[in-house]
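Q: Test case, fold it:
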Amino acid sequence: MKKISIIWFLLIITFSAHVFATESLYTIENRDKVMQDYEIHIDYPVFNSLHNMELQEKVNKKISNHLEDTMREVKRVAEESSGFPILYYGEEFVVGEDQFYSVVLTANISRGKKYNSSVTSINFENEEDGQIFTLKDIVDMNLLNQEVKKELASEPDTYYHQSFNSVREDTAFYISDEKLTLVFNKYEVAPGVYGTPEISIPLKKVKKDPPADETNVPFPQII
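A: Numbers count the residues shown, from 1 in each chain. Below you'll find the model as predicted:
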C-alpha cells in the first residue's frame with residue numbers, strides 16, 4: 001500500500017510540475033465587449049517567458065491578429081444583418097510536449113439558432129532558435145490523409161467519411177503523448193452534435209523526416 005501511495009504521489013507531483021511549467025510561460029487575458037448587435041467574450045494567452053524573444057513576439061502577434069480578424073468579421077456581419085445579435089465566445093488551451101507548444105484557439109459564433117465553431121492553432125518550438133511550424137512542416141500530408149481516412153471509415157455512423165477528401169493544411173493540431181491530434185471545425189467531418197471533433201494518430205506513422213541532404217533545415221525536436 002505504501003509503495004502504491006508513493007507512486008501516485010510522484011505521478012501527481014510530475015503532472016503538476018508539467019502543468020505549472022507550461023502555464024508559467026504565459027498569462028491569460030480577456031476581452032469583453034457588449035453592443036446592441038453583437039457580444040464578444042474572449043480568453044487568450046499572452047506569452048511572456050519564451051526562450052526566444054523574437055519568437056515570442058511573433059507568437060503573440062499571430063494570436064492577436066487571429067482575434068482581431070475574427071472580431072472584425074463578427075462586427076461586419078452584425079452591421080450587415082438584422083435580427084438576433086451575434087455572440088462570439090473565444091476559448092483557448094495550450095499543450096506542451098518536449099518544448100513543442102500548441103496554442104489551440106476556438107471561435108464559437110452564434111446567431112439565434114445558428115451556431116458554428118472554427119478552430120486554429122499556432123505551433124512552435126520553445127528553444128533559442130525555435131520557430132513557428134505548420135502542419136505540413138511536421139507531417140507527410142499524404143500519409144496523414146491515409147491515416148485520417150482510416151479513422152473516419154472506422155466510425156461511419158459518426159464521420160462524413162465518404163465525402164472527406166483531404167486534411168486542410170491549416171487544420172488545427174497539437175502533439176501530446178507521442179500522438180498528433182487534429183482538431184476539426186464544427187460540421188467539417190461530422191454532424192454538429194459532435195462539436196469540434198478531434199482525431200489522434202501516432203506521430204511516428206505520419207511524421208515527416210527532414211531532408212537527408214539539408215542538415216541545417218530547422219525541424220522540431222519531437223519524438
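Q: contacting residues for Ile201?
A: Shown in contact with Ile201 (Cβ atoms under 8 Å, 6 or more residues apart in numbering): Leu144, Glu147, Val148, Glu151, Lys179, Leu180, Thr181, Leu182. Every C-beta, even on glycine, is put in place using the N, C-alpha and C of the backbone.
Q: List the beta-bridge partners for it.
A: As for beta bridges, Ile201 partners with Leu180 under DSSP bridges.
Q: where's it relative to Asp177, distance?
A: According to Cβ to Cβ, to the nearest Å, Ile201 and Asp177 sit 12 Å apart.
Q: Following the record's annotation, map out the domains of the chain.
A: Listed by automatic domain parsing, the domain ranges of the chain are 1-132, 134-223.
Q: possible to save these as TSV with mean pLDDT?
A: As requested, those are arranged in TSV below (pLDDT from 0 to 100):
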stretch	mean pLDDT
domain 1-132	85
domain 134-223	90
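Q: and stretch 30-50, C-alpha only, in PDB?
A: In PDB, the C-alpha atoms belonging to stretch 30-50 read as follows (Å, rounded to 0.1, in the frame of the first residue of the first chain):
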ATOM      1  CA  ASN A  30      -9.600  38.500 -21.800                       C
ATOM      2  CA  ARG A  31     -11.600  40.900 -23.900                       C
ATOM      3  CA  ASP A  32     -15.300  41.600 -23.400                       C
ATOM      4  CA  LYS A  33     -17.500  43.900 -25.500                       C
ATOM      5  CA  VAL A  34     -21.200  44.100 -25.400                       C
ATOM      6  CA  MET A  35     -23.000  46.100 -28.100                       C
ATOM      7  CA  GLN A  36     -26.600  46.200 -29.400                       C
ATOM      8  CA  ASP A  37     -25.900  43.900 -32.400                       C
ATOM      9  CA  TYR A  38     -23.100  41.700 -31.000                       C
ATOM     10  CA  GLU A  39     -21.300  40.500 -27.900                       C
ATOM     11  CA  ILE A  40     -17.600  39.400 -27.800                       C
ATOM     12  CA  HIS A  41     -16.100  37.400 -24.900                       C
ATOM     13  CA  ILE A  42     -12.600  36.100 -25.400                       C
ATOM     14  CA  ASP A  43      -9.900  34.400 -23.300                       C
ATOM     15  CA  TYR A  44      -6.500  34.100 -24.900                       C
ATOM     16  CA  PRO A  45      -2.900  33.500 -23.800                       C
ATOM     17  CA  VAL A  46      -0.100  36.100 -23.900                       C
ATOM     18  CA  PHE A  47       3.400  34.600 -23.700                       C
ATOM     19  CA  ASN A  48       6.000  36.300 -21.600                       C
ATOM     20  CA  SER A  49       8.700  33.700 -20.800                       C
ATOM     21  CA  LEU A  50       9.800  32.000 -24.000                       C
END
